[in-house]
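[1] Here is a sequence with its predicted model. Questions after.
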Amino acid sequence: MAIDRKNVEAIVRAVGGKENIEVATHCVTRLRFSLYDESKVDAAALDANDLVKGQFSSQGQFQIVIGPGTVDKVYDEMIQLTGGSRSSKDEVKSAAARKQNPLQRAIKTLADIFIPILPAIVTAGLLLGINNLLTGPGIFFSQSLVDVYPQWKDIAAIINTIASTAFTFLPALIGWAAVTRFGGSPLLGIVLGLILVHPDLLSAYSYANASTEGTVPTWNLFGWHLERIGYQGQVLPVLVSAYILASIEKFLDKRVHDSIKLLVVAPVTLLITGFLAFTIIGPVTFGIANAITSGLIYVFDHFAILGGLIYGGFYSLLVITGMHHTFLAVDVQLIGSEGGTFLWPMLALSNIAQGAAALAMIFVVKEQKAKGLAVTSSVSAFLGVTEPAIFGVNIRYRYPFIFGMIGSAMAGVLLTVNQVRATSIGVGGVPGFLSIFPNQWGVFFVGMAIVLIVPFVATVLYGRAVVQRAANKSDAAGESAAVSGPSDTSKELSSRSSVQGSQEPVNILELASPLSGTAVPLEQVPDPAFAEKQMGEGIAIEPSEGKVYAPFDATVAHVIKSKHALILEHASGVQVLIHVGINTVSLKGEGFTARKEIGDKVQAGELLLEFDMEAIRAAGYPLITPIIIPAGQEMVERIEERTGPATAKQTSILTVHLKG
C-alpha cells in the first residue's frame, strides 16, 4: 500500500511540527510520541486525516492509531520528513515519564513495585481467610471448628504457615520488586529484604512489648548503641534501602573492572546498604511509618463517619487516576504493624458497588452487546477487578458510576463506625469476606447488602427515567417530521435497509478461536485503541493457555519483531491481527516464541506462537488478547462476534461476511 506523503506531513503538522516531537517510535498498530507540548496537538486535523484511525494520550505518551501493516510505512515516511532519528520504545517511555509531575511518578513507581507482588499477597489473603474459617469461633459452632474437631488443628496450622509466609518475608518480596524497578540486581533485592528480617534480630511484632520492658537488644558500635530490630511487615525501610542499594550497585558497576566485578560490586553494595539500613534508614523510616500509621488510626478512630464517607465514596475515583496503588502500601503497613487494616474492607465493598451499578444497566440499555458487556464486567467487579465495569460501562453513562460511589460511601460509614478490619489483603469483591475478622462478618455482610442494593436500584430507576425522557423527545420529533414529510436522509436509510435486507452474504469467513480462554467484547480491553475500535472490529480473549493457533488456512503476512503480535492473510484477502497482551511490545520479545515466519503458509489449527503467561503477568502487563479485523478492508461487509468460553481451534468466535 502506497502512503500519501501529504497525509504524513499533515500528521506532523497536527502534533505541533517536528520541533514539538521529542522522540517518536511505533508498535504494531500506532505511532507513539513524546511531545514537548501536547497542548499544540490539533485533534480535529488528526481526525480529518485519512491515515488516522484514533488518537489518545496515556502516561505521558501521545499515541496515534494507524493500523497494522501501515504504521511502519507511515513511521518511515515521517522519519524522512522530519530528519529525526529512530527511537526505541524505551526511549519514548523514558521521555514520557519525565513529563509526569512528581506525584504521578511516585504513584507509577509504587504501582511498578507492588503490582508484581500482588498475586503473592492476594493468595496469602485467601489462604488466611480459609484459616479464619477453621479457627474462628462462632462461625459454624459456638467454638471454632478446630476446637470441635481437633483432627483439623494441624491442617489449619499448615495452612496458616503457608499463608503467613508472604507477610513474614514481605521485605524480601518488596526488595526484589523495588530493586528491579530501580534498575539493580533482583537477587540482591531479595537478599536485602531477608537481611531486614533475619532471625537474629528482634521481630518488629515483639518490639512494643520489649520496649516497654526495656529488653530491646542492641549493637554497640564503638559506643554507639543501635537497636537490633527487624522490619517484619514494614514497607518504608525496605523501599528506601532498595533505592540506595540499586544506586550504589549501578555506580560501582560502571566503575569497577569486569575482571573483579563479582568480588567487589555485590559484596560492597550489600555491606554499605546493610549498614545504612540498620543505622540510619531503618530507624528513621520505621519512625515515619509508625507516625503515618498512628495518624491514620487517629483519624478513623475520632472521625469515623468522615473517613468512611471520603475513602469509601471516592475509592473508585482513585482507581481512575491510578492512585489506588498508593494505598496498597498503606494496607500492607497497617497489617504488618497493627495486625489488620480498616481501609481494605471499604475497597472490597467499593468493587461490589461498581459491579452492582454495571449489572443494573442490563435493565436500562437496549443493545444486546451493551447488555452482554454489563453482565460480564459486573461479574469481574464482583470478583475484585473493577476496570471493565468502571471504564467499559459506568464511566460511559456516568450515573452508574456516581450511584456506585454513593452506595460505597454509605457502606464505608457503616464499616468505619463499627471498626471492621481485614486480617489480610484478599480478593476485593464478594469473596472479600474471607479476609475480614470472622467476628465482624455480620457488619460486613450488611455493608455488602447496601452496595448491592443501593447502586443497583438507583441506577435502574434513574436510567429508565433518562431513557423515557429521551423516548418522549424522539416521539415529539417524529410527530413533527410526520407533519413535514420524510427527510432525504430517512429515505436514503430506508432504501439502504431494504436493499441489505433482501440480500444474503455471498461469502462467509469463520474464525476459530486462536486461543483457549474466554471471549469478551473489545470494550473490555484496557487500551483505548482497541476498546474504542479505532483499528477495526473484533473480539478479545482472556487466555487460559499460552499458545496461539491459526484460526483458518492463511499466509503469515507479518510477525512483529517483538513477537507479541502477527497478521494473517486469508485467500480472500482478509487480514486478521492477533495481538497478545496489552503494551507487551515493551517486553522486546521476552516470554514469546514465534513458531512461524513471514511468508509461511499455515493450515487452520497450526501453532503460530507461544507465550509465557506468568512472565507477562509478573512484568505487570494484561494478558487479554485482541483479535482484530483491521478497518479499511473493502471486501468486508460486516462482522459478528461470539463471547463466552472459547476452545482453541474449535470454538467459532468471529464470522466475517464478505461482499459478493
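    Great, that's in hand. All values derive from a computational prediction rather than experimental measurement. Residues are numbered from 1 along each chain as shown.

[2] Count the residues that sit near residue 316.
    For residue 316, the number of neighbouring residues by other C-beta atoms under 10 Å comes to 25. To be clear about C-beta, it is placed using only N, CA and C from the backbone, and glycine gets the same treatment.

[3] residue contacts, it?
    With C-beta atoms under 8 Å, 6 or more residues apart in numbering as the criterion, the residues that contact residue 316 are 350, 353-354, 386, 390, 401, 404-405, 408.

[4] just the helices in the stretch 301-450 of the chain please.
    Residue ranges of the helices in the stretch 301-450 of the chain, as given by DSSP state H, counting those that start in this stretch, are 304-307, 313-321, 324-338, 344-360, 368-382, 387-389, 395-397, 399-417, 441-484.

[5] could I get these as CSV with mean pLDDT and distance to residue 587?
    Converted to CSV, these look like this (pLDDT from 0 to 100; distance: least, C-beta to C-beta, whole Å):
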stretch, mean pLDDT, distance to residue 587
helix 304-307, 90, 41
helix 313-321, 80, 25
helix 324-338, 75, 21
helix 344-360, 92, 29
helix 368-382, 79, 25
helix 387-389, 74, 21
helix 395-397, 78, 29
helix 399-417, 94, 33
helix 441-484, 78, 37
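
[6] what about those helices, which gets the closest to residue 161?
    helix 324-338 (17.2 Å; C-beta to C-beta).

[7] Around the nearest residue to residue 348 once chain neighbours are set aside, count how many other residues there are.
    For residue 348, ignoring the flanking residues on the chain, the nearest one in space by C-beta to C-beta, 6 or more residues apart in numbering is residue 432 at 3.3 Å. Here the neighbour count serves as a burial measure; for residue 432 (other C-beta under 10 Å) it reads 27.

[8] what's the answer for residue 634, then?
    Burial measure for residue 634: 7 neighbouring residues, criterion other C-beta under 10 Å.

[9] that older thread, now do the contacts for the residue nearest to residue 348.
    Residue 432 sits next to 344-345, 348-349, 351, 384, 422, 426, 444 when contact means C-beta under 8 Å, 6+ apart.

[10] now residue 304
    By C-beta under 8 Å, 6+ apart, the contact list for residue 304 reads 413, 416-417, 419.

[11] the bottom helix or strand of this structure by mean pLDDT?
    Across the helices and strands of the chain, mean pLDDT, DSSP states H and E gives its lowest value to helix 488-501, namely a mean of 35.

[12] so residue 219 touches residue 202, yeah?
    No. Assessed by C-beta atoms under 8 Å, residue 219 is found out of contact with residue 202, at 11.4 Å.

[13] what comes up buried for stretch 148-158?
    Residues of stretch 148-158 classed as buried: 152, 156 (neighbour count, 16 or more other C-beta atoms under 10 Å).

[14] what sits up against it?
    Applying C-beta under 8 Å, 6+ apart, the external contacts of stretch 148-158 come out as 131, 134-135, 140-141, 145-146.

[15] again, 6 Å this time
    With contacts defined as C-beta atoms under 6 Å, 6 or more residues apart in numbering, stretch 148-158 is touched by 131, 134-135, 141, 146.

[16] Just the buried residues of these.
    Going by neighbour count (16+ other C-beta under 10 Å), the contacts of stretch 148-158 have 131, 134-135, 146 buried.

[17] Show me which of those residues is closest to residue 543.
    Looking across these and measuring by C-beta to C-beta, the closest to residue 543 is residue 131, at 31.7 Å.

[18] Could you list the buried residues of stretch 158-165?
    Here stretch 158-165 shows 159-160, 163 as buried, counting by 16+ other C-beta under 10 Å.

[19] make that stretch 213-226, sorry
    Neighbour counts over stretch 213-226 (16+ other C-beta under 10 Å) mark no residue as buried.

[20] cool, and stretch 519-527?
    Of the residues in stretch 519-527, those buried by neighbour count under the rule 16+ other C-beta under 10 Å are 519-525, 527.

[21] Mind listing residues that contact stretch 63-74?
    Contacts with stretch 63-74, where a contact means C-beta under 6 Å, 6+ apart, come from 3, 8, 26, 28-32, 51-56, 529, 534-535, 567, 577, 630.

[22] So among the residues you listed, which ones count as buried?
    Listed as buried from the contacts of stretch 63-74 are 3, 8, 26, 28-32, 51-56, 529, 534-535, 567, 577, 630; burial here means 16+ other C-beta under 10 Å.

[23] before we move on, back to that, and after the least confident helix or strand of the chain, which helix or strand comes next?
    On the C-terminal side of helix 488-501, the nearest following helix or strand under DSSP states H and E is strand 507-512.

[24] Moving along the chain from that following strand, name the first helix or strand you hit.
    Past strand 507-512, further along toward the C-terminus, the next helix or strand under DSSP H and E is strand 517-520.

[25] Need the contact partners of that next one.
    Residues outside strand 517-520 that contact it (C-beta under 6 Å, 6+ apart): 376, 539-544, 643-646, 653.

[26] coming back round to it: any chance of the helices of the stretch 301-450 of the chain in TSV, with distance to residue 634 too?
    Supplementary listing: those in TSV, determined by distance: least, C-beta to C-beta, whole Å:
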stretch	distance to residue 634
helix 304-307	59
helix 313-321	39
helix 324-338	45
helix 344-360	37
helix 368-382	24
helix 387-389	33
helix 395-397	31
helix 399-417	38
helix 441-484	34
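
[27] if we can go back for a sec, and which of the buried residues of stretch 519-527 is nearest to residue 121?
    Taking the buried residues of stretch 519-527 together and measuring to residue 121 by C-beta to C-beta, the closest member is residue 524, at 24.7 Å.

[28] Backbone torsions only: list them for that closest one.
    Backbone torsions of residue 524, given as degrees, to the nearest 10, read phi -90, psi 0.

[29] Dump stretch 408-424 to CSV, restricted to CA.
    What follows is stretch 408-424 as a C-alpha-only set of coordinates in CSV (Å, rounded to 0.1, in the frame of the first residue of the first chain):
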residue,chain,number,x,y,z
SER,A,408,-19.9,2.7,48.6
ALA,A,409,-19.8,5.8,50.8
MET,A,410,-22.8,4.6,52.8
ALA,A,411,-21.2,1.2,53.4
GLY,A,412,-17.9,2.9,54.2
VAL,A,413,-19.5,4.8,57.1
LEU,A,414,-21.0,1.6,58.4
LEU,A,415,-17.7,-0.2,58.3
THR,A,416,-15.6,2.6,60.0
VAL,A,417,-18.2,3.2,62.7
ASN,A,418,-18.1,-0.5,63.6
GLN,A,419,-14.3,-0.6,63.2
VAL,A,420,-14.4,-3.5,60.7
ARG,A,421,-10.9,-4.7,59.8
ALA,A,422,-9.3,-7.2,57.4
THR,A,423,-6.5,-9.6,58.6
SER,A,424,-5.0,-9.5,55.1
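
[30] who touches it?
    Residues lying outside stretch 408-424 but in contact with it, judged by C-beta under 6 Å, 6+ apart, are 125, 128, 300, 304-305, 307-309, 312-313, 340-342, 344-346, 349-350, 353, 435-437, 440, 443-444, 447, 450-451.

[31] list the contacts for residue 383?
    Taking C-beta under 6 Å, 6+ apart, one finds residue 429 in contact with residue 383.

[32] Give the closest residue to residue 116 in space, chain neighbours not counted.
    Take residue 116 and drop its neighbours on the chain: the residue closest to it by C-beta to C-beta, 6+ apart is residue 177, 5.0 Å away.
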